[in-house]
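Student: this is the structure alone, sequence omitted:
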Ligand SMILES: Nc1ncnc2c1ncn2[C@@H]1O[C@H](COP(=O)(O)OP(=O)(O)O)[C@@H](O)[C@H]1O
Ligand SMILES: [Mg+2]
């Protein structure tokens with residue numbers, strides 16, 4: 001029985017032509033040509049399908065926005081791409097490596113900023129960066145230079161000696177991003193990095209994301225703030241585990257006749 005037939009029992013939201021076109025495109029694409037290549041990736045928990053045959057390809061240096069409401073399946077998908085959770089079906093390549101066969105090699109090629117970030121509250125900002133530099137195998141001199149640069153870029157100059165636990169959420173998010181970007185990973189997976197902070201702090205955070213992309217990292221970022229889609233090269237919109245729309249913000253507005261990404265989202269969800 002095909003994957004299609006197995007999941008057909010639950011009503012699936014319809015896809016835009018752009019999302020269907022991407023699914024066709026990734027069948028032809030070679031892992032070597034991409035940063036992230038996902039073909040019909042599915043994850044079930046018991047009888048519940050959390051990620052439903054998603055397909056997408058991300059180019060090197062692209063900022064790809066993985067959008068969806070809470071519970072859509074974003075974190076489940078990202079955990080499969082990072083080699084932390086086994087897919088039920090389908091295939092994914094990250095940095096041209098097959099994730100299910102080479103999860104450890106994939107982990108060396110990427111960085112993952114989880115929704116709960118993994119910072120030590122009882123270490124200072126500088127100590128957290130030094131710790132992660134060690135985890136990523138940087139030498140002492142590299143850790144010193146890179147963390148000094150990041151502290152500057154992240155606007156954490158006055159907070160270097162502060163305990164991480166005492167920082168406001170916005171600064172913690174910046175530090176978590178800095179820790180994830182310390183070793184200049186080719187691919188950065190950011191799971192809701194801007195969740196819970198005000199729009200100004202979110203805008204500043206996106207400037208950092210651009211800086212990292214300009215330095216050569218591919219960015220795969222999830223968010224449930226639809227206006228943040230405007231900052232991405234291309235985005236997908238996920239509804240109940242399924243990618244219902246995919247394209248550049250301009251293409252998606254065109255396709256749905258909406259003026260804002262918020263309206264694009266409402267159009268695709270209601271379809
Ligand atoms: N380990 C798990 N066991 C059972 N259900 C899960 C598990 N992890 C996630 N889910 C369910 O899968 C759905 C998608 O969750 P998640 O990927 O965290 O969504 P998002 O990150 O978009 O908010 C939710 O309904 C969630 O409850
Ligand atoms: Mg999530």
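Tutor: Thanks, I have it. As the structure is a computational prediction, the values presented were derived from the model and not from experiment. Ligands and ions are numbered 1, 2, ... in the order given.
Student: ligand 1 contacts on the chain?
Tutor: When proximity is defined as CB under 6 Å from any ligand atom, the chain approaches ligand 1 at 45, 50, 68, 70-76. Just so you know, the C-beta spots here come from the backbone N, C-alpha and C atoms, and that holds for glycine as well.
Student: burial count for residue 260?
Tutor: 14 (other CB atoms under 10 Å).
Student: pLDDT wise, what is it at?
Tutor: Residue 260 is assigned 94 on the pLDDT scale.
Student: mind checking which of the residues of the chain next to ligand 1 are buried?
Tutor: Neighbour counting with 16 or more other CB atoms under 10 Å marks 50, 68, 72-76 as buried within those.
Student: among those residues, which one has the lowest pLDDT?
Tutor: In terms of pLDDT, the least confident member of these is residue 68, at 93.
Student: pretty sure that one contacts residue 241?
Tutor: No - using CB atoms under 8 Å, residue 68 is not in contact with residue 241, being 9.0 Å away.
Student: tell me the secondary structure at the residue nearest to residue 136 when sequence neighbours are not counted.
Tutor: Of all residues not flanking residue 136 in the chain, residue 183 sits nearest, at 3.9 Å (CB to CB, 6 or more residues apart in numbering). Secondary structure, DSSP: H, G, I helix; E, B strand; the rest coil: residue 183 is coil.
Student: quick check: residue 183 vs ligand 1, distance?
Tutor: 25 Å (CB to the nearest ligand atom, to the nearest Å).
Student: same question for residue 263.
Tutor: The gap separating residue 263 from ligand 1 is 21 Å, by CB to the nearest ligand atom.
Student: what of residue 219?
Tutor: Distance of residue 219 to ligand 1, computed by CB to the nearest ligand atom: 17 Å.
Student: so what's that residue up against?
Tutor: 62-64, 188, 190, 209, 212-213 (CB atoms under 8 Å, 6 or more residues apart in numbering).
Student: which of the residues you listed sits closest to ligand 2?
Tutor: Nearest to ligand 2, judged by CB to the ion, of those is residue 190 at 11.3 Å.
Student: I'd assumed residue 218 was in contact with that closest one.
Tutor: No - with contact taken as CB under 8 Å, residue 190 and residue 218 are classed as non-touching, separated by 11.2 Å.
Student: got any ranges where this structure has weak pLDDT?
Tutor: Within the chain, the stretches falling below the threshold (pLDDT under 70) are 1-10, 271.
Student: could you rerun that using 80?
Tutor: Under the criterion of pLDDT under 80, the regions of the chain flagged as low confidence span 1-11, 116-117, 270-271.
Student: thinking again about what came up before, what number of residues lie near the residue nearest to residue 136?
Tutor: 17.
Student: those strands in the stretch 1-150 of the chain, which residues are they?
Tutor: Under the criterion DSSP state E, counting those that start in this stretch, the stretch 1-150 of the chain contains strands at 36-45, 48-58, 63-68, 89-94, 97-98, 110-113.
Student: so which of these is the most surrounded?
Tutor: Mean neighbour counts were compared across those using mean count of other CB atoms under 10 Å; the top stretch is strand 63-68, at a mean of 25.
Student: and that one with ligand 2, contact?
Tutor: No - contact between strand 63-68 and ligand 2, assessed by CB under 5 Å from the ion, is absent, since the two come no nearer than 8.6 Å.
Student: that strand packs against which elements?
Tutor: The elements that strand 63-68 packs onto, with contact taken as 3 or more CB pairs under 8 Å, 6 or more residues apart in numbering; DSSP states H and E, are helix 74-81, helix 199-214, strand 218-223, strand 234-239.
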